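Participant: just need the structure, nothing else, for what follows:
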Amino acid sequence: MKQKYFRYINTLFIVFPMTLIMALVGTLRNNGLSEDWLIKLLKTWSIMFPVAYLSAFIIIPQARKLAEKVTEMNK
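Facilitator: Numbering: from 1, shown residues only. Prediction:
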């Protein structure tokens, strides 16, 4: 696989399960196991996933820079 796609696929594999877990916890916490909990989960997740996926491309580089600064200060 080409290296230029690695970043997008790697981010997808991180964001996909994380948003699903977060949507599940939020749905169960707010609604419990009601009759339509699965529909509510999918609705919540369908909004969370694209927002988190796009946000990751902004946050990850900034977090990397901050981590580099912090670890440089500890040398």
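Participant: from the contact counts, what lies against the strand or helix carrying residue 58?
Facilitator: Per DSSP states H and E: residue 58 is located in helix 37-73. Packed against helix 37-73 by the contact rule (3 or more C-beta pairs under 8 Å, 6 or more residues apart in numbering; DSSP states H and E) you find helix 3-31. Bear in mind the C-beta positions are built from the backbone N, C-alpha and C, glycine included.
Participant: what residues sit buried inside the helix it packs on?
Facilitator: Residues 11, 15, 19, 20, 23, 27 are the ones in helix 3-31 that count as buried (16 or more other C-beta atoms under 10 Å).
Participant: other SSEs contacting it?
Facilitator: helix 37-73.
Participant: go through the helix it packs on and flag the buried ones.
Facilitator: 40, 41, 44, 45, 48, 49, 52, 53, 56.
Participant: those residues: which two are farthest apart?
Facilitator: Comparing all pairs in the buried residues of helix 37-73 by C-beta to C-beta, the longest separation belongs to 40 and 56, at 24.0 Å.
Participant: returning to what we had before: tell me how far the helix holding residue 58 is from the chain's mean position?
Facilitator: Chain-centre distance of helix 37-73: 4 Å, with C-alpha atoms, centre = their mean, to the nearest Å.
Participant: pLDDT of it, averaged?
Facilitator: Averaging pLDDT along helix 37-73 gives 92.
Participant: and the contacts of stretch 50-58?
Facilitator: Outside stretch 50-58, the residues that touch it by C-beta atoms under 8 Å, 6 or more residues apart in numbering are 11, 12, 14, 15, 18, 19.
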